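>>> generate coordinates for the sequence data below:
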Amino acid sequence: MTVLPDTSVWADHFNDYPSPEALFLEDCLQSNTVIVTCGLIITEFFQGIRSQRSVETTRPYFDDMHLLRPHEPVTYFEAATLYRGLRRRGITVRSIIDCIIVQLAQEYDVLLLAKDRDIRQILDSGLTRARAPRLLQ
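Numbers count the residues shown, from 1 in each chain. I've put the predicted structure just below:
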């Protein structure tokens, strides 16, 4: 199993907030689960860190992680198509970044571990084959 944790899950994990997603991530980190990331998640996560010391202590987790890379320009065209499809269904996501992350999860066939409401709406829309782990809430 390969898992792509979204920014908010990493934030919960490093802030010791026991959300169901952070607990699932902790289980994954302690097992043989492959954890991957992407440039957008790294950027979002590290933009929220306030101290240089925290950057220095958390960066090694991401330095050694496998990076999902967009298939340019296809990933971006497909993310825009997904965004337009959502709008046609009356779903407006706040950031195209979420569409790109979902598209990457789909392209690489990895589980997307997210607690973000927009990502959940995208996954529930039926417009993508991307999937998330089933968690008890």
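>>> quick check: buried residues in the longest helix along the chain?
Ranked by residue count under DSSP state H, the longest helix found in the chain is helix 74-88. Using 16 or more other Cβ atoms under 10 Å as the test for burial, helix 74-88 gives 75, 78-79, 82-83, 85-86. Quick note: C-beta positions are derived from backbone N, CA and C, even for glycine.
>>> for it, packing partners?
helix 96-108, helix 117-124 (3 or more Cβ pairs under 8 Å, 6 or more residues apart in numbering; DSSP states H and E).
>>> try it again with 7 Å
helix 96-108 (3 or more Cβ pairs under 7 Å, 6 or more residues apart in numbering; DSSP states H and E).
>>> now for the helix it packs on, which elements pack on it?
Under the contact rule (3+ Cβ pairs under 7 Å, 6+ apart), helix 96-108 is packed against helix 39-47, helix 74-88, helix 117-124.
>>> what mean pLDDT does the longest helix of the chain get?
Helix 74-88 shows a mean pLDDT of 98.
>>> and the contacts of it?
70, 93, 96, 99-100, 102-104, 107, 122, 125, 127-128 (Cβ atoms under 7 Å, 6 or more residues apart in numbering).
>>> what about 10 Å?
With contact meaning Cβ atoms under 10 Å, 6 or more residues apart in numbering, helix 74-88 is reached by 38, 68-71, 73, 91-93, 95-104, 106-107, 118, 121-122, 125-128, 130.
>>> can you list the low-confidence ranges for the chain?
136-137 (pLDDT under 70).
>>> tell me which residue lies farthest from the centre of it.
For the chain, the largest distance from the centre (Cα atoms, centre = their mean) belongs to Arg53, which lies 24.1 Å off.
>>> which phi and psi does that one have?
With angles defined as degrees, to the nearest 10, Arg53 sits at phi -60, psi -40.
>>> and for Val110?
phi -120, psi 160.
>>> what sits closest to it if chain neighbours are left out?
In space, and not counting its chain neighbours, Val110 is closest to Thr2: 4.3 Å by Cβ to Cβ, 6 or more residues apart in numbering.
>>> got it, and Cys28?
Val3 (5.3 Å).
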